[in-house]
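[1] How does the following fold in three dimensions:
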Amino acid sequence: MAKARKFGPVQLARWLGLAGWQIAYARERGLVPAPDLAEGRWSEALAKTLPERAEEIRAAVGDRPGVGTVNAARHLAVHSGLDVERADVLELVARGLLRPVGRYRGNPVYAVRDLEELPRERVGAVVEERLAWTGASATAVEAARLLGWSVGLFEVRAERAGLVPRADGRYPRAEVVRLGAGPWDIPVDRGGGERGGPPVGRREPVAVGAGGGGGV
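    Prediction:
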């Protein structure tokens, strides 16, 4: 009686006529069951139930390996004709509209098929919100230039006023303007910061949450 075969990932991929990365991505999506043998291999009995899923796996993961976040943004930009950036891809993931199909060196990768199936209007909404936020916000360098301060001085005063940037490092422009209204009557030291405590008569600290400032 012939000994039952055992299938590792490479052998299973060959058995199904698929590439190794397709098997890995299919496992991420639950299209291929976990190995049923202790050594991380599939039994022959289980492997024989999988060929009928090969076309389903191809349809789900596509015929090209996944792309990283930067390349996903580039592909989306070309496919949609929109000004898509890396931040937009991350936002699409955060909203549950896109999900990684695997990881490469610890970083998420996305199936080209999934990118191309994203509704253009949903991608466009994310892009528009980012552009609106960009127009209504400023980096520390931009804020300092707007107020005529050094970057160090802006950061010190912003921290004392409770004005914090969002995760992308940008500050709401309206709050930057309010910050510049002062009054700021504390001597400035040579390092571009300030000596002493908070300014006399200063308004209440600005509390800017992660969702503040409008947009994504």
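[2] center of this protein, which residue is that?
    For the chain, Leu90 is the residue whose C-alpha lies nearest the centre (Cα atoms, centre = their mean; 2.3 Å).
[3] who's in contact with that one?
    Contacts here follow Cβ atoms under 8 Å, 6 or more residues apart in numbering; on that basis Leu90 touches Thr69. Where C-beta positions appear, they are placed from N, C-alpha and C, glycine not excepted.
[4] where along this protein do the strands fall?
    Here the chain has its strands, by DSSP state E, at 6-7, 42-43, 102-104, 107-109, 137-138, 171-172.
[5] how about the ones you listed in CSV, adding distance to Gly20 and mean pLDDT?
    Output for these, formatted as CSV (distance: least, Cβ to Cβ, whole Å; pLDDT from 0 to 100):
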stretch, distance to Gly20, mean pLDDT
strand 6-7, 12, 90
strand 42-43, 14, 92
strand 102-104, 11, 78
strand 107-109, 14, 89
strand 137-138, 44, 97
strand 171-172, 46, 96
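[6] where exactly do the helices run in this protein?
    For the chain, the helices defined by DSSP state H cover 9-16, 20-28, 44-47, 54-61, 69-80, 86-94, 112-117, 120-135, 140-147, 151-160, 173-180.
[7] Between the ones you listed, which one is closest to Ala38.
    Ala38 sits nearest to helix 44-47 of all the helices of the chain, at 13.5 Å, using Cβ to Cβ.
[8] Parallel or antiparallel, list what pairs with the lowest-mean-pLDDT helix or strand in the chain.
    Lowest by mean pLDDT, DSSP states H and E among the helices and strands of the chain is strand 102-104, with a mean of 78. When pairing is defined by DSSP bridges, strand 102-104 lines up against strand 107-109 (antiparallel).
[9] that older thread, wait, which of the helices of the chain is closest to Tyr104?
    Smallest distance to Tyr104 across the helices of the chain (Cβ to Cβ): 9.1 Å, for helix 20-28.
[10] Let me know the average pLDDT across that closest one.
    Average pLDDT, helix 20-28: 84.
[11] for it, packing partners?
    Contacts defined by 3 or more Cβ pairs under 8 Å, 6 or more residues apart in numbering; DSSP states H and E place helix 20-28 against helix 9-16, helix 54-61, strand 102-104.
[12] Mind listing what's buried along the shortest one?
    The reference is to strand 102-104. Buried residues in strand 102-104, counted by 16 or more other Cβ atoms under 10 Å: Gly102.
[13] Who are the contact partners of the closest residue to Arg120 other than its chain neighbours?
    Excluding the flanking residues, the one nearest Arg120 by Cβ to Cβ, 6 or more residues apart in numbering is Ser80, at 5.2 Å. By Cβ under 8 Å, 6+ apart, the contact set of Ser80 is 118, 120, 123-124.
[14] any idea of the pLDDT on Ser80?
    Looking at Ser80, the pLDDT reads 95.
[15] same thing with Arg160?
    pLDDT at Arg160 comes out at 92.
[16] With Leu46 instead?
    Leu46 carries a pLDDT value of 91.
[17] hmm, who's touching the least confident helix or strand of the chain?
    Against strand 102-104 from outside (Cβ under 8 Å, 6+ apart): 21, 24-25, 28, 66, 68, 108-109.
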